[in-house]
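Asker: turn this into a structure:
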Amino acid sequence: MACNQHKVWRVAFLLSLLSILQICARGDPQVPCYFILGDSLSDNGNNNGLSTKAKANFKPYGIDFPVGPTGRFSNGRTIVDVTAELLGFGEYIPSFTSAKGRDVLKGVNYASASAGILDESGKQLGQAIPLGGQLKNYLKTFSQISKILGGGTAAHKYLNKCMFTVGIGSNDFINNYFMPDVFRTSELYTLDRFVATLIDQYSQNLQTLYKCGARKVALFGLGLIGCAPAELARYGATPGSICVDKINDAVVRFNKRLISLVDDLNDNYKDAKFTYINILEIGTGDATAAGFKVTNSGCCGGQKGCLPLATPCKNRDEYTFWDEFHPTDAMNVIFANRAYKALTPTDAHPIDISTLASL
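Answerer: Next comes the predicted model:
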């Protein structure tokens, strides 16, 4: 199994290089627009104007991004930036706070750092736009598109062809359930009941998205957040493990329920297609096969925060984590490539993003 995982990571690395050539040779986008909901793994500036500690609009964030710091929690691109490239977009999808006029016809990014499925998650850090708030912002965009295209029917028809990705839920665990000094959630809910509550709320949100035009929806499952440098610093690795197993166990339970939700949505909405992207599986295995050398510490800040004007590592492509929580550009390329074009049968369920775009 270890040999197979090593091979998969090596192939993933080679495919990431090939994707660069594909991006350079792209033509028209495979879908007319791309809408993004999520947390700091997808945020590209929506938190910049909020009163919160969850911001990344300062150096050295963006050190490898063409225009420098933007609010992206990475040294370069996020997973949705690379996904947009793979879908053929010539420009990155604008944040909700920056999208103006007809720009919204190409898509909007509503993601907000520290946001969760539940409104309360991440609130100890300050303001955020939870999933429900992001949906309200999407409804504002829907109204704009309706005006531009001449009515709700035309807007629905247009949006039916667009790509939607949603990646959220990490903060409901690391900035809620597993933070008993701030939140009482773990006293009030067993882990399984909490996961069920999250999935129920998530389901309602996705059905609202469907009712307002979404027909091609990819859901990013949660990754191995128990392996994040910040969680290792807080709890220490579980004996016999390199990660915090209790957090990763919660992730596994959430992802299993999310897969079942995808199946239910596909059964109930035959004119739409929902799919699950297995970020946990993609992030599992021998990262050294793809050239990574450091997996337990962030390039900037190690296991602590990446502070303004801090000096990051120089060998950023050898780190899986940019800061104490978020992947490097190099790791995001791996995630996005395997989400777009599944490398193994378990990377996506039931289909990958490239297939979803072609429907």
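
Asker: give me the neighbour count for the residue nearest to Ile351 when sequence neighbours are not counted.
Answerer: Leaving aside its sequence neighbours, Ile351 sits nearest to Thr275 (CB to CB, 6 or more residues apart in numbering; 5.2 Å). The way it works is simple: take the backbone N, C-alpha and C, and place the C-beta from them, glycine included. Using other CB atoms under 10 Å, Thr275 has 23 neighbouring residues.

Asker: again, but for Leu307
Answerer: 11.

Asker: check contacts around it.
Answerer: Gly301 (CB atoms under 8 Å, 6 or more residues apart in numbering).

Asker: secondary structure class for it?
Answerer: Assigned state for Leu307: coil (three-state reduction, DSSP: H, G, I helix; E, B strand; the rest coil).

Asker: wait, the residue nearest to Ile351 touches Ala348, no?
Answerer: Yes - using CB atoms under 8 Å, Thr275 makes contact with Ala348 at a distance of 5.9 Å.

Asker: picking up where we left off before, strand partners (parallel or antiparallel) of whichever strand or helix holds the residue nearest to Ile351?
Answerer: Element membership for Thr275 (DSSP states H and E) is strand 273-277. Strand 273-277 sits in its sheet next to strand 216-220 (parallel), strand 348-349 (antiparallel), going by DSSP bridges.

Asker: same list (these) but as TSV, adding mean pLDDT.
Answerer: Formatted as TSV, the strands paired with strand 273-277 follow (pLDDT from 0 to 100):
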stretch	mean pLDDT
strand 216-220	99
strand 348-349	98
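
Asker: how near is the nearest residue to Ile36 once chain neighbours are set aside to Tyr34?
Answerer: Residue nearest to Ile36 in three dimensions, not counting chain neighbours: Asn109, with 4.2 Å by CB to CB, 6+ apart. Separation of Asn109 from Tyr34 (CB to CB, to the nearest Å) stands at 9 Å.

Asker: what is in contact with these two at once?
Answerer: Taking CB under 8 Å, 6+ apart as the criterion, Asn109 and Tyr34 both touch Val80, Ile93.

Asker: between those two, who's got more neighbours?
Answerer: Asn109 (29 against 25).

Asker: go ahead and confirm that one touches Ser95.
Answerer: Yes - applying CB under 8 Å, one finds Asn109 in contact with Ser95, separated by 5.1 Å.

Asker: tell me, what's touching these two both at once?
Answerer: Asp43, Asn44, Asn46.

Asker: out of the residues you listed, which is most surrounded?
Answerer: Asp43 (31 neighbours).

Asker: would you confirm that that residue contacts Gly71?
Answerer: Yes - with contacts counted by CB under 8 Å, Asp43 reaches Gly71, the gap being 6.1 Å.

Asker: give me the common contacts of the two.
Answerer: Ala56, Ser95, Ala113.

Asker: now the strands: where do they sit in the stretch 101-250 of the chain?
Answerer: Using DSSP state E, counting those that start in this stretch, the strands assigned to the stretch 101-250 of the chain run over residues 163-167, 216-220.

Asker: most neighbours per residue, which of those?
Answerer: strand 163-167 (a mean of 26; mean count of other CB atoms under 10 Å).

Asker: can you tell me what sits against it?
Answerer: Counting contacts by CB under 8 Å, 6+ apart, the residues outside strand 163-167 that touch it are 31, 33-39, 41-42, 79-80, 83, 87, 107, 111, 131, 206, 209, 214, 216-220, 279, 353, 356-357.

Asker: enumerate the beta-bridge partners assigned to Leu37.
Answerer: Val166.

Asker: quick one, what contacts it?
Answerer: So Leu37 contacts Tyr110, Ala111, Leu131, Gln134, Leu135, Tyr138, Phe164, Thr165, Val166, Gly167, Ile168, Leu209 (CB under 8 Å, 6+ apart).

Asker: how near is it to Lys341?
Answerer: 22 Å.

Asker: same thing with Tyr269?
Answerer: 25 Å.

Asker: Lys304 now?
Answerer: 36 Å.

Asker: same check on Phe96?
Answerer: Taken as CB to CB, the span from Phe96 to Lys341 is 28 Å.

Asker: which one of the two has more residues nearby?
Answerer: Phe96 (23 against 18).

Asker: dump the residue contacts of the more buried one.
Answerer: Contacts of Phe96 (CB under 8 Å, 6+ apart): Asn46, Val108, Asn109, Tyr110, Gln134, Asn137, Thr141.

Asker: model confidence score at it, please.
Answerer: The model reports Phe96 with a pLDDT of 98.

Asker: quickly note the distance from it to Asp347.
Answerer: Phe96 is 29 Å from Asp347, where distance means CB to CB.

Asker: go on, Cys33?
Answerer: As for Cys33, its distance to Asp347 is 24 Å (criterion: CB to CB).

Asker: what do you get for Ala290?
Answerer: Taking CB to CB, one finds Ala290 at 15 Å from Asp347.

Asker: hmm, who's touching stretch 349-357?
Answerer: Against stretch 349-357 from outside (CB under 8 Å, 6+ apart): 30-31, 83, 86-87, 163, 165, 216, 218, 259, 262, 266, 273, 275-278, 339-342.

Asker: only whichever of those are buried, select them in PyMOL.
Answerer: To isolate the buried members of those in PyMOL, using 16 or more other CB atoms under 10 Å:
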select buried, resi 30+31+83+86+87+163+165+216+218+259+262+273+275+276+277+278+339+340+341+342
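
Asker: so Leu135 makes contact with Gln207?
Answerer: No - checked against CB under 8 Å, the pair Leu135 and Gln207 is beyond contact range at 10.4 Å.
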